[in-house]
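**Student:** Sequence plus predicted model, see below.
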Amino acid sequence: MPKIIENKIFEYIKKHKIVKSKDIEKIFQLTQSSSRRYLIKLESQGLINRTFGEIILNENKNFQDQKIENKIKTNLEVKNKIAQHASQLALGYKTIFVDSGSNCYYLIQFLDRNIELFTNSITNANLALDLGFQNVNILGGTLKQETKSIVNFNKNELEGINFPISFLGVNAIDEKGCLYTPEKREAKAKQDIMKRSLITVVLAEKEKFNTMSTFKFSDNDSKIVIVSNIKEKDLKKMKLVSNTQIVRIKE
């Protein structure tokens, strides 16, 4: 719960750029000491600056996606374990969509080389070719520089295509299991894929839980399975929406 409140406070500050300390206390119904603890923590992360009763967003901080080249070099052991476990859900499927992102990058090495692979990631497509995949398809649209992924799919790009199973990355997951990303175009692209998938598998490290980002992309009509190393005690605290389940792996 404290992490959820912290994220909501930060989203409020991010939206308004400059706010008063008293506003935080009033809006989030916090005591002065409680509000101060949250703000000190945000300041320690370099997200805000506090001065003379005002809280100022640190706009030099990059809140968007990191470059994919950097993300695939972090948390390698955990990402490989999540990817390997998630790949078991792909067994028997001949057509699979794999999203951009570092977790999905590691997933590719565990997939059958004979599948028809669709992706919106140049990085993941190159990896698949290097690994010997014979049928690799990149969906067309606008290329996002940081993630080297396609957003704003071209008109009619997905017409007539359905995916028995898709694998997506995520930036944040709230206490109900709803999924978030910091970029509007990326959220729309993920929604487009989910609407055309019978099952959506989301790969996420435990640090992404009980956090929020700017744009929610969950689809209430899709079956969603989240594969994660989330701790059992944290999983028990969640109140998942009906179409979502979590498969927990041990680190």
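**Tutor:** Structure's in. What do you need?
**Student:** what's near enough to touch Leu76?
**Tutor:** Tyr106 (Cβ atoms under 8 Å, 6 or more residues apart in numbering). In this view, the C-beta of every residue, glycine as well, is placed from N, C-alpha and C.
**Student:** so how far is Thr142 from it?
**Tutor:** 30 Å (Cβ to Cβ, to the nearest Å).
**Student:** where exactly do the strands run in the stretch 1-150 of the chain?
**Tutor:** According to DSSP state E, counting those that start in this stretch, the stretch 1-150 of the chain carries its strands in the segments 18-20, 48-51, 54-57, 95-98, 116-119, 135-138, 141-144, 149-153.
**Student:** how about the ones you listed, which one is nearest Leu107?
**Tutor:** strand 95-98 (6.2 Å; Cβ to Cβ).
**Student:** Report the mean confidence score over that closest one.
**Tutor:** Averaging pLDDT along strand 95-98 gives 98.
**Student:** And stretch 28-47, by the same measure?
**Tutor:** Stretch 28-47 carries an average pLDDT of 84.
**Student:** what about the closest residue to Gln245 other than its chain neighbours, distance to Gly177?
**Tutor:** Of all residues not flanking Gln245 in the chain, Val225 sits nearest, at 5.6 Å (Cβ to Cβ, 6 or more residues apart in numbering). According to Cβ to Cβ, Val225 stands 10 Å off from Gly177.
**Student:** Find residues that contact each of those two.
**Tutor:** With Cβ under 8 Å, 6+ apart, Val225 and Gly177 have common neighbours Thr244, Ile246.
**Student:** those helices in this structure, which residues are they?
**Tutor:** 2-16, 21-27, 32-44, 68-71, 76-87, 102-107, 122-130, 184-195, 232-237 (DSSP state H).
**Student:** Any chance of these in JSON lines with distance to Thr214 as columns?
**Tutor:** Shown next, in JSON lines, are the helices of the chain (distance: least, Cβ to Cβ, whole Å):
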{"stretch": "helix 2-16", "distance to Thr214": "8"}
{"stretch": "helix 21-27", "distance to Thr214": "18"}
{"stretch": "helix 32-44", "distance to Thr214": "16"}
{"stretch": "helix 68-71", "distance to Thr214": "18"}
{"stretch": "helix 76-87", "distance to Thr214": "24"}
{"stretch": "helix 102-107", "distance to Thr214": "20"}
{"stretch": "helix 122-130", "distance to Thr214": "23"}
{"stretch": "helix 184-195", "distance to Thr214": "8"}
{"stretch": "helix 232-237", "distance to Thr214": "23"}
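**Student:** Those: lowest mean pLDDT?
**Tutor:** Taking the mean pLDDT of these, helix 68-71 comes last: a mean of 66.
**Student:** just the helices of the chain: most buried one?
**Tutor:** helix 102-107 (a mean of 26; mean count of other Cβ atoms under 10 Å).
**Student:** Please name every helix or strand in contact with that one.
**Tutor:** The contact analysis (3 or more Cβ pairs under 8 Å, 6 or more residues apart in numbering; DSSP states H and E) places helix 102-107 against helix 68-71, helix 76-87, helix 122-130, strand 163-168, strand 197-204.
**Student:** Compare those and give me the one nearest Arg36.
**Tutor:** strand 197-204 (31.3 Å).
**Student:** and that closest one, C-alpha only, in PDB?
**Tutor:** The C-alpha atoms that make up strand 197-204 are tabulated as PDB, following Å, rounded to 0.1, in the frame of the first residue of the first chain:
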ATOM      1  CA  SER A 197      -4.800 -12.700 -29.100                       C
ATOM      2  CA  LEU A 198      -6.600 -15.600 -27.500                       C
ATOM      3  CA  ILE A 199      -4.100 -15.600 -24.600                       C
ATOM      4  CA  THR A 200      -1.700 -12.800 -23.600                       C
ATOM      5  CA  VAL A 201       1.300 -13.700 -21.600                       C
ATOM      6  CA  VAL A 202       3.100 -10.900 -19.800                       C
ATOM      7  CA  LEU A 203       6.700 -11.200 -18.600                       C
ATOM      8  CA  ALA A 204       7.500  -9.100 -15.500                       C
END
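**Student:** Understood, closing this out.
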